[in-house]
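# When you get a sec, could you give me coordinates for this:
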Amino acid sequence: MKKAVKISSLMSLAVLGMGMMVAGCKSAPELTKDQATSMIQAHYDALPPSGFDITVNNAGMFAGATAKLWNRTLIYPNKYWADFKLTDLGKKYVKVPSGGDVIQWRPSGPTDTSFTYVLTTIVLKHRKAHDLHDIQDVGSKVKTVVFTESVDTSDLPDVLVDIAHNPGNQLSTNRTAEFDLDANGAWTLKSVE
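Presented below is the predicted three-dimensional model:
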């Protein structure tokens, strides 16, 4: 009888141990692209909004002058250097990073079309996350996803949006987000690189 009780007790412990092991091995919940996008965008929305740099090339300088974002105030004796002053309209959208309101246009020669000047937008916006790639498992409790981070140009005039699409500007960047499974069994955003 003692043997039967011992065997029964051992069997009960084995079943209990197997049950605990199975309970501890429950699978992680799915992380969908929509959930990942929402968490990444919430991260961006929690950061302070910021402006972004716009590189103005030769064509952009003419376009901005034509749109009255800046006016030429001085042309130098060499005939290819000039100073442009931001207009009141231009000051609503961009600033000169070094301060003041004068763009010092200084190409290396009269045929130099590669010279550029960088302005910073005043309109502050949050970055946008979109175009997520497939979510990758890095382990049982870590996932990563590559996505596109882009600046929001919706409040800028069309001419500045066009200038921002000229060569030398980067309006979007590929980033990688990492997600961890927290103690409650929910996915949380750990980092954006």
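# So which residues of this structure form strands?
53-56, 70-75, 82-86, 94-95, 102-105, 117-121, 128-130, 136-139, 142-150, 172-181, 187-192 (DSSP state E).
# now this structure, which segments are flagged as low pLDDT?
1-26 (pLDDT under 70).
# any idea how the chain splits into domains?
30-48+126-192, 53-121 (automatic domain parsing).
# now those domains as CSV including mean neighbour count?
Just so you know, the C-beta spots here come from the backbone N, C-alpha and C atoms, and that holds for glycine as well. As requested, the domains of the chain are exported to CSV (neighbours: other CB atoms under 10 Å):
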stretch, mean neighbour count
domain 30-48+126-192, 15
domain 53-121, 16
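# Tell me the bridge partners for the residue nearest the centre of the chain.
In the chain, the residue lying closest to the centroid (CA atoms, centre = their mean) is residue 149, at 3.3 Å. As for beta bridges, residue 149 partners with residue 129, residue 173 under DSSP bridges.
# what about it, distance to residue 143?
Separation of residue 149 from residue 143 (CB to CB, to the nearest Å) stands at 18 Å.
# cool, and residue 120?
Computed as CB to CB, the residue 120 to residue 143 distance reads 35 Å.
# can you list contacts of stretch 71-83?
By CB atoms under 8 Å, 6 or more residues apart in numbering, the residues outside stretch 71-83 that reach it are 65, 84-85, 87, 102-107, 109-110, 112.
# so who does the residue nearest to the centre of the chain touch?
44, 127, 128, 129, 172, 173, 174, 175, 192.
# Please produce JSON lines containing the residues you listed, extended by distance to residue 80.
Shown next, in JSON lines, are the contacts of residue 149 (distance: CB to CB, whole Å):
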{"residue": "44", "distance to residue 80": "42"}
{"residue": "127", "distance to residue 80": "37"}
{"residue": "128", "distance to residue 80": "39"}
{"residue": "129", "distance to residue 80": "42"}
{"residue": "172", "distance to residue 80": "33"}
{"residue": "173", "distance to residue 80": "34"}
{"residue": "174", "distance to residue 80": "38"}
{"residue": "175", "distance to residue 80": "40"}
{"residue": "192", "distance to residue 80": "43"}
